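>>> Build me a model:
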Amino acid sequence: MPKCQFDLEVCSGTFVDAPGVVDGNLISGRTWHDHGHYLKHWIDLLIAEREQMGAQQEAVTA
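Modelled structure (predicted):
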């Protein structure tokens, strides 16, 4: 929410007024109304991590 912009910037954060923001492995949205927008990014991150763990497991067992 734009009203949180001051709090973030005072703590050296960067405010982005978007429904879903991805920064590395941190995924956030403005309010609960944005769940539909940022949940896709969160699920994609989980799938990528699962695939990476599977590849590491295959390398160990090979």
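
>>> Give me the three-state assignment for residue 40.
helix (DSSP: H, G, I helix; E, B strand; the rest coil).

>>> Pull the residues that contact stretch 22-35.
1, 4, 17-21, 37-38, 41-42, 45 (CB atoms under 8 Å, 6 or more residues apart in numbering). Where C-beta positions appear, they are placed from N, C-alpha and C, glycine not excepted.

>>> Can you select the buried ones among these for me in PyMOL?
The following PyMOL line selects those of the contacts of stretch 22-35 that are buried, judged by 16 or more other CB atoms under 10 Å:
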select buried, resi 20+21+38+42
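
>>> I'd like the contacts of stretch 22-35 laid out as CSV, including distance to residue 59 and secondary structure.
As requested, the contacts of stretch 22-35 are arranged in CSV below (distance: CB to CB, whole Å; DSSP: H, G, I helix; E, B strand; the rest coil):
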residue, distance to residue 59, secondary structure
1, 44, coil
4, 43, helix
17, 42, coil
18, 37, coil
19, 37, coil
20, 33, coil
21, 33, strand
37, 35, helix
38, 32, helix
41, 27, helix
42, 26, helix
45, 21, helix
